[in-house]
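In: Quick one, structure for this:
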Amino acid sequence: MTSFPTLSESDLRVFQWVAGHGGLTPQAAGELGMSESDVRRSAVVLERLHLLRPLPGGPGEEPALVAVPPELAAASLLAPAEAELRRQLADTGRVRAELARLAPLYEQVSSARTVEPLSEVLDLDTVIDVIYTLTARCDTEVLTCQPGGPRAPHLLEQAFTRDLEMTRRGVRMCTLYQHTSRRHPPTQEYVRRISAAGAEVRTLTALFGRMIAFDRETVIIPHHEAYDGAVVVRDPSAVAYLCAVFDHSWTLADPYAPVGQTQGDSALDEIKQAIIRLLAEGMKDEMIARRLGMSLRTCRKHIAESMETLGASSRFQAGYLARARSELVDPL
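Out: Model (predicted):
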């Protein structure tokens, strides 16, 4: 479609002067306090918008430009574009009607097929295709659990584009992240944008595992062996169980808030408390970092701060003191 220029203040002044004086004359520049080149530039814009038109002059004379009523200019300028839009709408309606004729045939055939309760997808491209297909068919709700800490910015941007389209269709979106994502600026920006569109995001210290549930009918979970693979779960009992696990975690989670806000600081305290509990269980730094979705460096920083708070000189002593304090607070 043709791109039309935008009228500036100078263009408006030139149009008003021409309309009041019956045509564009050399006196326009002086009376408007504009240079002749600026007047000519505005005249070109106004001609493109059909707001000025030339009147035929005598032999060798330059045609004079006169003002055209805006409603006539709009009709002349936009008529071809409007006609093209009407043609495209008519074509769209025709194609939609043709495709609609196939819907009963497809439903008749697809309903006769047996749906597998579990199916494996072993390569990443096919997994992505399955997710996009289920996303396009999703009608009411999508539940997402994303453990493992912050995600790459390009993945968040892809997710935003896909998720925004679903929210615009009225699909309810509930997403769980780990508390560590509250420190990640790209995740903060993604949550701000998608929350403004109506999605809900909460966080927990640790999550039960990665999953995406569509309309509580189909769930995608990671494959236990293939790193880039997935398992598509359609068995009603298994789907109901996985969604119930998500619902339980959702009720325990806190609304997303960046660290520095009240809820964000509370989440940071929960992370440190979780680290102390895992230290008391004898868990290694690498396992703690993986469990809580943070880098090993960040994990060790929190461990050092926790040891200082507890007055511990070793990891073993920190775990012992943490357990002792826990028993004093809750002797039962």
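
In: Quickly list the domain ranges of the chain.
Out: 9-68, 114-255, 262-329 (automatic domain parsing).

In: Just the mean pLDDT for the second one, thanks.
Out: Okay, so that is domain 114-255. Per-residue pLDDT over domain 114-255 has a mean of 91.

In: Kindly report the same for the first one.
Out: Confidence over domain 9-68, taken as the mean pLDDT, stands at 87.

In: How far does it stretch from one end to the other?
Out: Using CA to CA, to the nearest Å, the gap from the first to the last residue of domain 9-68 comes to 18 Å.

In: Check which residues of the helix or strand hosting residue 88 are buried.
Out: Assigned by DSSP states H and E, residue 88 belongs to helix 70-100. By neighbour count, and taking 16 or more other CB atoms under 10 Å as the criterion, the buried residues in helix 70-100 are 73, 77. (C-beta placed from N, C-alpha, C; glycine too.)

In: and the angle from the helix or strand that that helix is followed by to helix 70-100?
Out: Sequence-wise, the next helix or strand downstream of helix 70-100 (DSSP H and E) is helix 103-112. In this structure, helix 103-112 runs at an angle of 40 degrees to helix 70-100, with axes from the mean of the first three to the mean of the last three CA atoms, to 10 degrees as the basis.

In: From the chain's centre, how far out is helix 103-112? Work that out for me.
Out: 33 Å (CA atoms, centre = their mean, to the nearest Å).

In: Could you list the paired strands of the helix or strand that it is followed by along with their orientation?
Out: Taking DSSP H and E as the definition, the helix or strand that follows helix 103-112 towards the C-terminus is strand 118-121. Using DSSP bridges, the strands paired with strand 118-121 are strand 230-233 (antiparallel).

In: Please list the residues outside the partner strand that contact it.
Out: Strand 230-233 is contacted by residues 117-121, 127, 130, 218-224, 239, 242 when judged by CB atoms under 8 Å, 6 or more residues apart in numbering.

In: re the thing from before, with distance to residue 86 and mean neighbour count as new columns, can the domains of the chain be given to me in JSON lines?
Out: Conversion of those to JSON lines gives the following (distance: least, CB to CB, whole Å; neighbours: other CB atoms under 10 Å):
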{"stretch": "domain 9-68", "distance to residue 86": "20", "mean neighbour count": "15"}
{"stretch": "domain 114-255", "distance to residue 86": "25", "mean neighbour count": "16"}
{"stretch": "domain 262-329", "distance to residue 86": "52", "mean neighbour count": "16"}
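
In: Adding distance to residue 102, write these out as JSON lines.
Out: Conversion of the domains of the chain to JSON lines gives the following (distance: least, CB to CB, whole Å):
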{"stretch": "domain 9-68", "distance to residue 102": "45"}
{"stretch": "domain 114-255", "distance to residue 102": "16"}
{"stretch": "domain 262-329", "distance to residue 102": "45"}
